[in-house]
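> the amino acid sequence is not available; the structure is as follows:
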């Protein structure tokens, strides 16, 4: 069972007026200059947000086996990568353009062409929000988001994502989000849920990521198994200045003959193995800044 | 109504795999979530699927879930009023 202390309630730092000021500034200031200022702020952030720093240091020390100096350097790099992804996000709100490669676009288009809906599992790795700007499904995408997110971020996401037929569904105490997600899949639409944060239910899948035990929420995978719809994992990685690459993986292969619960667990394990391979390729784009692993 | 309440209790036990419980263990007026039966969000999804498969009911608006799933009795009332099979 997941411990309360390891659960995470999301939200972008800063107040609404700060976000508005940032978006306004980014209409005139080039990205590279914003990156420069961000580099100066990162060491301060590392000191102030000490818990996140420690968790991140453990990630590089224990999971990647780096020595103390290398781990410290990568904590800094990781924060810089995170800063760039956040600046790019606000840059997108301010109208800046990004190039996103999607090598597996035919896989996505084939799924979108089917009458049934599907589950799209995203992660706090790279920039999942960029996926919303490039993956045009031709049918509605219902993205589950944490209710704690700042209003400015939600408003701008809606402005950016609305034309791409993306609806943001905040997690709520009255289970309205569950009804919305269930109805969306029943209507042949797409549902997007983060697969790397335990919330709502304490039912978890025990998995191994980077050779250590971790827990993933079982809810998203049970939803897909329950409604017998396909599932894919989507990771959008920053690969350069204004450049991203979307990695797509089917999670529902080899499920024939399994009962519903076993199908959900197998999809969670497949997702875990994809998370594992992606963060081995891009260790500095892991943005779960809390003690994610069981140890 | 009492017959439908008993039917729903049996279907809930089956859907949620509560094998060590009997219909008598469920108070039809007790909350289904948190303090009562202690169900969680995944169980809520099961209940929605139960209504869809057995009674042809798809909840119309996201906001009504909380009212319908207050207790077995509120569920039964909703089923009686909205079932299509």
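Great, that's in hand. Since we're looking at a predicted model, the values are computed, not measured.

> only C-alpha atoms from now on, for both contacts and neighbour counts.
Will do.

> can you name the residues that contact residue A:275?
By Cα atoms under 8 Å, 6 or more residues apart in numbering or on different chains, residue A:275 lies in contact with residue A:209.

> and it, what's its pLDDT?
Listed pLDDT for residue A:275 reads 98.

> got it, and residue A:6?
On the pLDDT scale, residue A:6 gets 45.

> write out the residues of chain B neighbouring chain A.
With Cα under 8 Å from any Cα of the partner chain as the criterion, chain B meets chain A at residues B:40-42, B:44-45, B:48, B:58-59, B:61-66.

> can I get those in TSV with distance to residue A:115?
As requested, those are exported to TSV (distance: Cα to Cα, whole Å):
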residue	distance to residue A:115
B:40	30
B:41	27
B:42	25
B:44	25
B:45	22
B:48	21
B:58	18
B:59	21
B:61	22
B:62	23
B:63	26
B:64	27
B:65	26
B:66	30
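
> among the residues you listed, which are in helices?
Among the residues of chain B next to chain A, the members falling in helices (DSSP state H) are B:41, B:42, B:44, B:45, B:48, B:65, B:66.

> between the residues of chain B next to chain A, which is closest to chain A?
residue B:62 (4.3 Å; Cα to the nearest Cα).

> nearest spatial neighbour of the closest one, chain-adjacent residues omitted?
Leaving aside its sequence neighbours, residue B:62 sits nearest to residue A:176 (Cα to Cα, 6 or more residues apart in numbering or on different chains; 4.3 Å).

> list the buried residues in stretch B:65-79.
B:65-66, B:68-76, B:78-79 (16 or more other Cα atoms under 10 Å in any protein chain shown).

> sort out for me which of these are in strands.
Counting by DSSP state E, the buried residues of stretch B:65-79 place none of their members in strands.

> next SSE downstream of the helix or strand containing residue A:184?
In this structure, residue A:184 sits in helix A:176-186 according to DSSP states H and E. For helix A:176-186, the following helix or strand on the C-terminal side (DSSP H and E) is strand A:190-194.

> ok, the following helix or strand past that following strand near chain B or not?
Under the assignment DSSP H and E, the closest C-terminal helix or strand after strand A:190-194 is strand A:204-209. No: Strand A:204-209 lies out of reach of chain B by Cα under 8 Å from any Cα, never closer than 10.8 Å.

> report the distance from stretch A:223-243 to the chain centre.
Chain-centre distance of stretch A:223-243: 9 Å, with Cα atoms, centre = their mean, to the nearest Å.

> and it, what's its mean pLDDT?
The average pLDDT within stretch A:223-243 is 95.

> also stretch A:41-60?
90.

> got the contact list for that stretch?
A:66, A:71, A:72, A:74, A:75, A:76, A:79, A:80, A:83, A:289, A:290, A:291.

> before we move on, back to that, in a markdown table: the buried residues of stretch B:65-79, plus pLDDT.
Below are the buried residues of stretch B:65-79 laid out as a markdown table (pLDDT from 0 to 100):
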| residue | pLDDT |
| --- | --- |
| B:65 | 83 |
| B:66 | 83 |
| B:68 | 91 |
| B:69 | 90 |
| B:70 | 90 |
| B:71 | 92 |
| B:72 | 95 |
| B:73 | 95 |
| B:74 | 94 |
| B:75 | 94 |
| B:76 | 95 |
| B:78 | 94 |
| B:79 | 95 |
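
> following element in sequence after the helix ranked longest in chain A, please.
In terms of residue count, the longest helix belonging to chain A (DSSP H) is helix A:68-93. Where DSSP H and E defines the elements, the next helix or strand beyond helix A:68-93 is strand A:99-101.

> may I see the buried residues of the following helix or strand past that next one?
Once the chain leaves strand A:99-101, the next helix or strand it forms, by DSSP H and E, is helix A:105-112. For helix A:105-112, the buried set under the neighbour-count rule, 16+ other Cα under 10 Å, comprises A:105, A:108, A:111, A:112.

> could you give the angle of helix A:105-112 to strand A:190-194?
Using axes from the mean of the first three to the mean of the last three Cα atoms, to 10 degrees, the inter-axis angle of helix A:105-112 relative to strand A:190-194 is 120 degrees.

> give the next helix or strand downstream of helix A:105-112.
Heading C-terminal from helix A:105-112 (DSSP H and E), you reach strand A:118-122.

> and the longest helix of chain A, what does it pack onto?
helix A:16-26, helix A:31-48, helix A:50-58, helix A:151-161 (3 or more Cα pairs under 8 Å, 6 or more residues apart in numbering or on different chains; DSSP states H and E).

> quick check: residues of chain A near chain B?
Checking chain A against chain B by Cα under 8 Å from any Cα, the hits are A:174-180, A:182-183, A:200-201, A:203, A:219, A:222-223.

> give me the lowest-pLDDT entry from these.
In terms of pLDDT, the lowest of those is residue A:200, showing 72.

> hang on, the earlier thing: dump the contacts of stretch A:41-60 into TSV; add neighbour count and pLDDT as well.
Output for these, formatted as TSV (neighbours: other Cα atoms under 10 Å in any protein chain shown; pLDDT from 0 to 100):
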residue	neighbour count	pLDDT
A:66	17	97
A:71	20	97
A:72	19	95
A:74	21	96
A:75	24	96
A:76	21	94
A:79	26	95
A:80	21	95
A:83	18	94
A:289	19	92
A:290	18	92
A:291	19	93
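
> ok, which pair from those is furthest apart?
The most widely separated members of the contacts of stretch A:41-60 are A:66 and A:83, with 22.2 Å between them, by Cα to Cα.

> quick one: secondary structure of residue A:138?
coil (DSSP: H, G, I helix; E, B strand; the rest coil).

> hey, which helix or strand in chain B has the poorest pLDDT?
Least confident element among the helices and strands of chain B, by mean pLDDT, DSSP states H and E: helix B:65-68 (a mean of 86).
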